[in-house]
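Participant: Sequence plus the predicted model coming up.
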Amino acid sequence: MDSITVKELAHALSAEAVGNLDISITGAAEPQDAQASLLAIATSESFVARLGEGKAKVALLANGMDWRSLNLEAAIFVDRPRYALAGLTLKLDNNWRQGKAFIHPSAVIDPTSKIASGARIGAFSYIGAGVVLGKNAWLGTHVTVGNGSFVGDDSTLLDGVKLGRNVIIGQRFVAQPGVVIGADGFSYVSKEVAALENVRGTLGDRGDALPQPYHRIHSLGAVQIGDDVELGANSCVDRGTIRDTIIGSGCKVDNLAQIGHNVRIGNNCLICAQVGIAGSSTLGDNVVLGGQTGVSDNLFVGSNVITGGATKVLANVPAGRVMLGYPAMKMQTQLDIYKNLRRLPALVKEFGRLKSENQKKD
């Protein structure tokens, strides 16, 4: 897309537009950086104050703002500005899934695979035996789709994405560069009971276990991913040991997240950067895990749970809780503890003063 008129963009956003609706827009910018052909994003008072620093003719504004007083020639009004950015950025993104349907000559495609119409397969990609690619699937460069995998319609696998064998992915899936889905799980066992098992059972006692080597438990399960799921760059989803690892529809996963073997995640969950979910844990629907949250293995996190950044979940969490800290506890409780910790130096000082006074009295 080279340009779009104010009228066309407002229609795409189901928004109200005023002023000169024929002005052409070629992109978007913050108000102070906006040139004449760029839409200024000025949906808050702090951004509106910067409009005078740029040269914007058109701005995206929150409902109720006085656009005429801002020396604009046109404006687009929206109810929920941040939500409007979803449609706006999609409309203005000139790089998203660009290129006509084609298969690069350097791609290696097994003759038993089935590739639907509209698919695009980039340079040096590999499509294994029995693979099914849905309609309009878009694969970047150096993408690997392992034997027996299924990729749904309108899915996007960006550069360097790797799918293992028998992975099943729904429609409109997005994998950012470097995503790995379907690697073997981190499953090892020693011949005799190991110190780690003793410590886990006793919460600290190693017992008389001797050091010994670990032996691989192979992953016989696969990975199933629902519709409208997105995985951030270099995130990983391990295949199940016996049963499949499952991610429900609508989930969004940030960069560098790790989802272990046998994990089951419900619908519409938000998994932020550097989250680690250990094997065989289960998340309900609409769970939000803040950045660097860790979930120990074989746990249940109920629907609508929210964790703050760096929370470490070491026990089951009932539905609807808001958790924080290490170990995780109710956020308000954790904040109260933190406030009390900050008071400790003053309390120790006061205790010392009172102790000294009592000793003098004696």
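Facilitator: Right, received. Where do you want to start?
Participant: How many residues are close by the closest residue to residue 232 other than its chain neighbours?
Facilitator: Nearest residue to residue 232 in three dimensions, chain neighbours excluded: residue 255, at 3.8 Å (Cβ to Cβ, 6 or more residues apart in numbering). All C-beta atoms are positioned from the backbone trio N, CA, C, and that covers glycine. Per other Cβ atoms under 10 Å, the neighbour tally for residue 255 reads 17.
Participant: Wait, residue 255 touches residue 273, no?
Facilitator: Yes. Using Cβ atoms under 8 Å, residue 255 is in contact with residue 273, at 5.1 Å.
Participant: Show me whatever sits in contact with both of those two.
Facilitator: residue 232 (Cβ atoms under 8 Å, 6 or more residues apart in numbering).
Participant: give the contact list for the residue nearest to residue 232.
Facilitator: Contacts for residue 255 were tallied using Cβ under 8 Å, 6+ apart; they are 176, 232, 233, 234, 235, 273, 274.
Participant: Next one: it from residue 231, what distance?
Facilitator: According to Cβ to Cβ, to the nearest Å, residue 255 and residue 231 sit 9 Å apart.
Participant: if we can go back for a sec, distance-wise, check the residue nearest to residue 232 relative to residue 227.
Facilitator: 22 Å.
Participant: before we move on, the earlier item: give me the common contacts of residue 255 and residue 231.
Facilitator: Common neighbours of residue 255 and residue 231 (criterion: Cβ under 8 Å, 6+ apart): residue 176.
Participant: re earlier: which among the contacts of residue 255 end up buried?
Facilitator: In the contacts of residue 255, burial by neighbour count holds for 176, 232, 233, 235, 273, 274, counting by 16 or more other Cβ atoms under 10 Å.
Participant: Now do residue 201, the pLDDT please.
Facilitator: Confidence at residue 201, expressed as pLDDT, is 87.
Participant: which stretches of this protein have low pLDDT?
Facilitator: 1, 362 (pLDDT under 70).
Participant: Spatially central residue for it, please.
Facilitator: For the chain, the residue nearest the mean C-alpha position is residue 253 (2.2 Å; Cα atoms, centre = their mean).
Participant: Buried residues of stretch 67-87, list them for me.
Facilitator: By 16+ other Cβ under 10 Å, the buried positions in stretch 67-87 come out as 67, 70, 72, 73, 74, 75, 76, 77, 78, 81, 84, 85.
Participant: Kindly report the same for stretch 47-60.
Facilitator: Within stretch 47-60, the residues scored as buried using 16+ other Cβ under 10 Å are 47, 48, 50, 51, 54, 56, 57, 58, 59, 60.
Participant: mind putting these in a markdown table, secondary structure included?
Facilitator: Compiled in a markdown table, the buried residues of stretch 47-60 are given as follows (DSSP: H, G, I helix; E, B strand; the rest coil):
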| residue | secondary structure |
| --- | --- |
| 47 | helix |
| 48 | helix |
| 50 | coil |
| 51 | helix |
| 54 | coil |
| 56 | coil |
| 57 | coil |
| 58 | strand |
| 59 | strand |
| 60 | strand |
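Participant: Out of these, which comes closest to residue 211?
Facilitator: Distance to residue 211, by Cβ to Cβ, is smallest for residue 47 among those, at 60.5 Å.
Participant: Quickly note the distance from the closest one to residue 202.
Facilitator: Taking Cβ to Cβ, one finds residue 47 at 57 Å from residue 202.
Participant: do residue 108 as well
Facilitator: Distance, residue 108 to residue 202, using Cβ to Cβ: 53 Å.
Participant: Same check on residue 115?
Facilitator: With distances taken as Cβ to Cβ, residue 115 is found 55 Å from residue 202.
Participant: Name the residue in those two with the higher neighbour count.
Facilitator: Neighbour comparison, residue 115 and residue 202: the larger count goes to residue 115, with 19 against 10 (by other Cβ under 10 Å).
Participant: pretty sure the more buried one is in contact with residue 127, am I right?
Facilitator: Yes. The criterion here is Cβ under 8 Å, and residue 115 meets it with residue 127 at 7.3 Å.
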